[in-house]
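# everything below, folded, please.
(one chain, ligands or ions: 1)
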Amino acid sequence: MSKILAIYGSPRRKGNTSLLLQKAVQGARATGAEVEELVLRDLKMSPCLEIYGCKETGRCVIDDDFQKVYDQLLSSAGVILASPMFFYSVSAHTKILMDRCQSLWVRKYWIEKRPFGKSNTARKGLFISVGATKGKKLFDGALLTVKYFFDTFDAELWRALLYRGLDFEGDILKTPEYLEEAREAGWDLALAVSKSRKRSTL
Ligand SMILES: Cc1cc2nc3c(=O)[nH]c(=O)nc-3n(C[C@H](O)[C@H](O)[C@H](O)COP(=O)(O)O)c2cc1C
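Coordinates of the predicted model:
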């Protein structure tokens, strides 16, 4: 069974995206998948310093918790990222992780010289997000950001669960159908990932 990495991007441990992600993790585990959980607020991770030490090997030279995350991303077959909308983007914790993945971008496009625009979708990514407001464009910016973050480690944006009008901790509990949707998405992702892995080893 292929490994899935679940990334908690909210500073609130029991916030809306965390509860949704827990459900998705439950769903994935119910298929027998191995799921590793990563709580970004618990990590010591510097923002990208733009020194391009990664130009030599494709590995970031800042010695902190990102080193382990880098390996975890590359050893997963699927990723579930949960972040609330903060100023029409992802949370600062999430953005720090994304920017550190510039090292993966450098590895892929500068060192391995892989062509732009020809996406290799060896991995699958599920994005879960929540915002307090209800505007049509609430998730537009974040979706682009997530798509290109996923691309650094060859993941396609396989599905996005986006919920509006949820603000306070526990608001998500008033819409159990969203939690159920998250559980199903976790289940579906684990099956999709394991199916495509089997196909690629045939
Ligand atoms: C710093 C900050 C910025 C926010 N920016 C937005 C925003 O741009 N749009 C929006 O709809 N909600 C915004 N919110 C509200 C959160 O998205 C909302 O409370 C969400 O439910 C939090 O998710 P969580 O419980 O998983 O942390 C913001 C909240 C904070 C703390």
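
# now do the buried residues in the lowest-mean-pLDDT helix or strand in the chain.
Sorted by mean pLDDT, DSSP states H and E, the helices and strands of the chain end with helix 176-200, the least confident at a mean of 91. When burial is assessed from 16 or more other C-beta atoms under 10 Å, helix 176-200 yields the following buried residues: 178-179, 181-183, 185-190, 192-194, 196-197. In this view, the C-beta of every residue, glycine as well, is placed from N, C-alpha and C.

# let me see the contact set for the residue nearest to the spatial centre of the chain.
The central residue of the chain, meaning the one whose C-alpha is nearest the mean C-alpha position (C-alpha atoms, centre = their mean), is Leu81 at 2.8 Å. Contacts of Leu81 were listed using C-beta atoms under 8 Å, 6 or more residues apart in numbering, and they are Ile7, Gly9, Thr94, Gly125, Leu126, Phe127, Ile128, Val146, Phe149.

# what's next to the least confident helix or strand of the chain, contact-wise?
1-2, 4, 19-21, 23-33, 35, 77-78, 80, 122-124, 126, 128, 158-159, 161, 163, 172-173.

# from these, which land in strands?
Filtering those for membership in strands, criterion DSSP state E, returns Ile4, Val35, Gly78, Ile80, Arg123, Lys124, Leu126, Ile128, Trp158, Arg159, Leu161, Tyr163.

# distance of the fourth one relative to the ligand?
Distance, Ile80 to the ligand, by C-beta to the nearest ligand atom, to the nearest Å: 14 Å.

# my guess is that residue contacts Gln26. True?
No. With contact defined as C-beta atoms under 8 Å, Ile80 does not reach Gln26; the gap is 11.5 Å.

# so what's Ala160 closest to, chain neighbours aside?
Counting by C-beta to C-beta, 6 or more residues apart in numbering, the nearest residue to Ala160 once its immediate chain neighbours are dropped is Phe127, at 4.5 Å.

# what's across from the one you found in the sheet?
Leu81, Ala160 (DSSP bridges).

# number of nearby residues for it?
Around Phe127 sit 27 other residues, with neighbours defined as other C-beta atoms under 10 Å.

# give me the pLDDT for it.
Predicted confidence (pLDDT) for Phe127: 98.

# distance of it from the ligand?
13 Å.

# what is the neighbour count of Lys113?
Counted with other C-beta under 10 Å, the burial measure for Lys113 works out to 7 neighbours.

# Leu144 - that's part of a helix, no?
Yes. The assignment for Leu144 is a helix, going by DSSP: H, G, I helix; E, B strand; the rest coil.

# all helices of this protein, in order?
With DSSP state H, the ranges of helices along the chain come out as 16-30, 66-74, 92-100, 102-105, 140-152, 176-200.

# out of the ones you listed, which comes closest to Arg59?
helix 102-105 (6.0 Å; C-beta to C-beta).

# run through this structure and note the low-pLDDT ranges.
Along the chain, the model assigns pLDDT under 70 to residues 1, 197-202.
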